[in-house]
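Enquirer: what follows is a predicted structure for the sequence shown.
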There are 2 protein chains.
Amino acid sequence: MNQRETMTQFGKEALLQANISELLPFASLDEDQTRKMIDLATVHRVKQNKTYFDEGDRAENFFLLIDGFLRIVRTTKEGDQVVVLHIAPGQMFGIAKAFESVNYTATAQAASEGLALSWPSELWDKFIQDYPGFQKATRRAVGTRVTEMQDKLISMATHQVERRIAHAILRLLEQAGKETEDGVAIDFPLTRQDISEMTGTTLHSVSRCLSKWQRDGLVRSERRRVVVRQPESLPV
Amino acid sequence: MNQRETMTQFGKEALLQANISELLPFASLDEDQTRKMIDLATVHRVKQNKTYFDEGDRAENFFLLIDGFLRIVRTTKEGDQVVVLHIAPGQMFGIAKAFESVNYTATAQAASEGLALSWPSELWDKFIQDYPGFQKATRRAVGTRVTEMQDKLISMATHQVERRIAHAILRLLEQAGKETEDGVAIDFPLTRQDISEMTGTTLHSVSRCLSKWQRDGLVRSERRRVVVRQPESLPV
DNA sequence: CGCCGACTTGATAACCTTCAAGCTCCGTGG
DNA sequence: CCACGGAGCTTGAAGGTTATCAAGTCGGCG
């Protein structure tokens, strides 16, 4: 919060001083290289539920999420939304270049107000050449993502609703878990609808499920908020 | 085994003469480069339902499928198999290197008897440096795959069984469709069980579905074989 | 204060899995 | 060559899970 304010005011300078350089793609860069990279970047501040880019847009930039969370969403012809995955701070997104793709294949929507850097896609190959860690980082990002999608696919194919919801919530805990005196909270606003779009079910089923878990003391669920008290007791 | 020997000795020459060089990663290479690549390759001939490699194996090689079809499969702790995607001739697979991964994350199982080339993973980065088309080809392969998995995810999340089955079959038609006097056939043996593992349902539901489509004249389905007569009439 | 978005909960019904039984095809071994 | 067995497939019936429909609560914001 405080930090966010600071960033707003001083922008890129603040980014340098903050622990940005510890974020993944910058990991193996020295201060000078990091500075160069940041000099080339554009800063994006995006309000909750607004998008960084939309499915089908020309992929003119690639992004690094600094703060906040976002969901990668695809919309069907019928208008159903499906959340393909979530992105946490430090991860890159909109990396169409890694797929030789001209357009973004999905929408990047802010789950909470967020801050990101972007670079023109033309710089992609240059970064790969100039900064050895960058190539590795992008590969790892792609790998993580593929694995995550596979897990999701398997979950959808083999489990029924309750376990799918449990899986989704556990994954979010890993990415965005925040200790509270009450248990581990998911650190951004999350509606029943959101969860249903992640798990391919209805908000009604999600509601019933959370209600049941709450009765059993496994979670505390409020409006737009989920806190897990006993992660290990959720149905695998 | 014996067979692999034979192929090693006599096979490569034949590969060169065949239209191997038209297959994707070789596309932009001249004859000399292609020869060099093939000289470094190992030939694999794999019987139906045998595997090229298994989930968790050390990713010592990456592969190019020359002939036959294969499925990329993951198995859950409970023993459920899920077919994540299918690979057609000309596509690379086992490309753990593209994900900075040390092990294969899934099993590659021959859907029909098949032939593949492999190279040691150490050569990956060399190929990328030496052969400009290779980088592009791998990126495109990864992109196609991600898109395909997303589509599958969306299908699973929003459609019910009948449409999921229709989607799966249409995708297979694109990858492995073969014109016959009777309609477009899927060009490798495919059981109800296989289809159920692709769509997250049971072989019973698949059977009922195909029976119904057969009654309506949309498909002809036999033992391990599916022929589609009216692709456009399948439920989107 | 009233409205809207988020959420809950019951009732009903559709969809699909599960269980059960039996069929056909094909390879194998007697 | 035929019998046998197993793999692949079909179909009915029953039952459970989950979506859909419907009604209403809660809480924040203009």
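Expert: That came through fine. Everything numeric in this text was worked out from a predicted model, so none of it was measured.

Enquirer: show me the helices in chain A, by range?
Expert: A:2-10, A:12-17, A:31-39, A:123-130, A:132-158, A:161-176, A:192-199, A:203-215 (DSSP state H).

Enquirer: who's in contact with the residue most central in space within chain A?
Expert: Closest to where the C-alpha atoms of chain A average out (CA atoms, centre = their mean) is A:Ile87, at 1.3 Å. Taking CB atoms under 8 Å, 6 or more residues apart in numbering or on different chains, we find A:Ile87 in contact with A:Leu65, A:Phe69, A:Leu70, A:Arg71, A:Ile72, A:Phe93, A:Ala108. All C-beta atoms are positioned from the backbone trio N, CA, C, and that covers glycine.

Enquirer: filter the residues you listed down to the buried ones.
Expert: A:Leu65, A:Phe69, A:Leu70, A:Arg71, A:Ile72, A:Phe93, A:Ala108 (16 or more other CB atoms under 10 Å in any protein chain shown).

Enquirer: what's opposite the third one in the beta bridge?
Expert: Beta-bridge partners recorded for A:Leu70 (DSSP bridges): A:Ile87, A:Ala110.

Enquirer: hmm, it is touching A:Tyr52, no?
Expert: Yes. Between A:Leu70 and A:Tyr52 there is a contact under CB atoms under 8 Å: 6.7 Å.

Enquirer: where do the contact lists of the two overlap?
Expert: Counting by CB under 8 Å, 6+ apart, the shared contacts of A:Leu70 and A:Tyr52 are A:Val46, A:Phe93, A:Ala108, A:Gln109, A:Ala110.

Enquirer: just send these back as TSV, with pLDDT too.
Expert: Shown next, in TSV, are the shared contacts of A:Leu70 and A:Tyr52 (pLDDT from 0 to 100):
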residue	pLDDT
A:Val46	94
A:Phe93	96
A:Ala108	98
A:Gln109	97
A:Ala110	97
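
Enquirer: among these, which one lies nearest to chain B?
Expert: A:Phe93 (12.8 Å; CB to the nearest CB).

Enquirer: how near is the closest one to A:Arg164?
Expert: Separation of A:Phe93 from A:Arg164 (CB to CB, to the nearest Å): 24 Å.

Enquirer: then A:Met37?
Expert: 39 Å.

Enquirer: then A:Val226?
Expert: Taken as CB to CB, the span from A:Val226 to A:Arg164 is 15 Å.

Enquirer: show the pLDDT at whichever residue of chain A sits closest to DNA strand D.
Expert: For chain A, the residue closest to DNA strand D is A:Gln160, as judged by CB to the nearest atom of the strand, at 2.6 Å. Looking at A:Gln160, its pLDDT stands at 97.

Enquirer: over to A:Met1?
Expert: 38.

Enquirer: also A:Ala98?
Expert: 96.

Enquirer: show me which residues of chain A sit near DNA strand C.
Expert: A:191-193, A:203-204, A:207-208, A:210-211, A:214, A:221-225 (CB under 7 Å from any atom of the strand).

Enquirer: what subset of the residues you listed is buried?
Expert: Judged by 16+ other CB under 10 Å, buried ones among the residues of chain A next to DNA strand C: A:Arg192, A:Leu210, A:Gln214, A:Ser221.

Enquirer: quick check: the two most widely separated of the residues you listed?
Expert: A:Arg192 and A:Gln214 (12.6 Å; CB to CB).

Enquirer: state the number of residues packed around A:Ile66.
Expert: 20 (other CB atoms under 10 Å in any protein chain shown).

Enquirer: scratch that, A:Asn103
Expert: Residues lying near A:Asn103 (other CB under 10 Å) number 13.

Enquirer: wait, A:Asp67 sits on A:Leu115?
Expert: Yes. With contact defined as CB under 8 Å, A:Asp67 reaches A:Leu115; the gap is 4.2 Å.

Enquirer: distance of the residue nearest to A:Ser28 when sequence neighbours are not counted relative to B:Asp30?
Expert: Using CB to CB, 6 or more residues apart in numbering or on different chains and skipping the chain neighbours, the partner closest in space to A:Ser28 is A:Gly133 (3.5 Å). As judged by CB to CB, A:Gly133 and B:Asp30 stand 33 Å apart.

Enquirer: compare the two (neighbour count), which wins?
Expert: A:Gly133 (15 against 9).

Enquirer: so how far is chain B from that one?
Expert: As judged by CB to the nearest CB, to the nearest Å, A:Gly133 and chain B stand 11 Å apart.

Enquirer: that residue and B:Glu100: what is the separation?
Expert: With CB to CB as the criterion, A:Gly133 and B:Glu100 are 11 Å apart.

Enquirer: can I see the domain layout of chain A?
Expert: With domains defined by automatic domain parsing, chain A comprises A:2-156, A:161-233.

Enquirer: rank those by pLDDT, which is bottom?
Expert: domain A:2-156 (a mean of 87).

Enquirer: does A:Glu197 really touch A:Gly79, like I thought?
Expert: No. The pair A:Glu197 and A:Gly79 fails to qualify as a contact (CB under 8 Å) at a distance of 11.8 Å.

Enquirer: hang on, the earlier thing: tell me the one among the buried ones among the contacts of A:Ile87 nearest to B:Ser121.
Expert: Closest to B:Ser121, out of all of the buried ones among the contacts of A:Ile87 and judged by CB to CB, is A:Phe93, at 27.3 Å.

Enquirer: and the closest one, what does it touch?
Expert: Contacts of A:Phe93 (CB under 8 Å, 6+ apart): A:Tyr52, A:Phe62, A:Phe63, A:Leu64, A:Leu65, A:Leu70, A:Ile72, A:Ile87, A:Ala108, A:Ala116.

Enquirer: closest to A:Leu172 among those?
Expert: A:Ile87 (11.7 Å).

Enquirer: what's the distance between that closest one and A:Ser211?
Expert: Distance from A:Ile87 to A:Ser211, by CB to CB: 29 Å.

Enquirer: which residues touch stretch A:189-209?
Expert: A:48, A:71, A:73, A:81-83, A:111-112, A:156, A:161-162, A:164-165, A:167-169, A:172, A:210, A:224-226, B:156-158.

Enquirer: which of the residues you listed count as buried?
Expert: Among those, those classed as buried by 16+ other CB under 10 Å are A:71, A:73, A:81-83, A:111-112, A:156, A:161-162, A:164-165, A:167-169, A:172, A:210, A:226, B:156-158.

Enquirer: before we move on, the earlier item: from what I can see the residue nearest to A:Ser28 touches A:Thr34, true?
Expert: No. Applying CB under 8 Å as the test, A:Gly133 and A:Thr34 come out as separate, 10.9 Å apart.
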